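**Student:** would you be able to build a 3D model of this:
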Amino acid sequence: MPLLDGLAPAYPVADRGYDSDPLVAALAAHGTCAVIPPRRKRRHPRAYDPVRYAQRHPVERLFSRLKQFRCVATRYDKLDAHFLAFIHLGATVLWLRHC
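**Tutor:** Residues are numbered from 1 along each chain as shown. I've put the predicted structure just below:
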């Protein structure tokens, strides 16, 4: 899979929408252990680590909160460095609101 060629995460975490045998096989070929819960209607459910999957929730909440900033949600910036700077700024604002 071309998207996964440059990545080497030890435990890629995804939701049920990414539960497919070819994707899990491609991840296993790269030497990673997929943390993807099986779809409910799967005949033979795969095993996955629910503790690692639960760690996905705070990351999803952070992305949801970052999208409240218009410049992050719409991606007006042409340069990656400017976009990353706004993500840092937004994360700092969220962190300061939390304290």
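**Student:** what's the local residue count around K78?
**Tutor:** Residues near K78, counting by other C-beta atoms under 10 Å, number 7. Just so you know, the C-beta spots here come from the backbone N, C-alpha and C atoms, and that holds for glycine as well.
**Student:** that one belongs to a strand?
**Tutor:** No. With DSSP: H, G, I helix; E, B strand; the rest coil as the criterion, K78 is located in coil rather than a strand.
**Student:** and the pLDDT for it?
**Tutor:** Looking at K78, its pLDDT is 83.
**Student:** quick one: the strands in the chain?
**Tutor:** Read by DSSP state E, the chain holds no strands at all.
**Student:** relative to its centroid, which residue of it is most remote?
**Tutor:** Here the chain reaches farthest from its C-alpha mean at R43, the gap being 26.1 Å by C-alpha atoms, centre = their mean.
**Student:** ramachandran angles for that one?
**Tutor:** The phi/psi pair for R43 (degrees, to the nearest 10) reads phi -70, psi -40.
**Student:** likewise A10?
**Tutor:** Phi and psi for A10, reported as degrees, to the nearest 10, are phi -70, psi -40.
**Student:** and the nearest residue in space to it that is not next to it in sequence, what is it in contact with?
**Tutor:** In this structure, A10 finds its nearest non-sequential neighbour in T32, 6.1 Å apart by C-beta to C-beta, 6 or more residues apart in numbering. Contact analysis of T32 by C-beta atoms under 8 Å, 6 or more residues apart in numbering lists 8-12.
**Student:** pLDDT at the residue farthest from the centre of the chain, what is it?
**Tutor:** You'll see R43 listed with a pLDDT of 89.
**Student:** contact partners of the lowest-mean-pLDDT helix or strand in the chain?
**Tutor:** Here the helix or strand of the chain ranked lowest by mean pLDDT, DSSP states H and E is helix 70-74, holding a mean of 83. By C-beta under 8 Å, 6+ apart, the residues outside helix 70-74 that reach it are 66-67, 77, 83, 86-87, 90.
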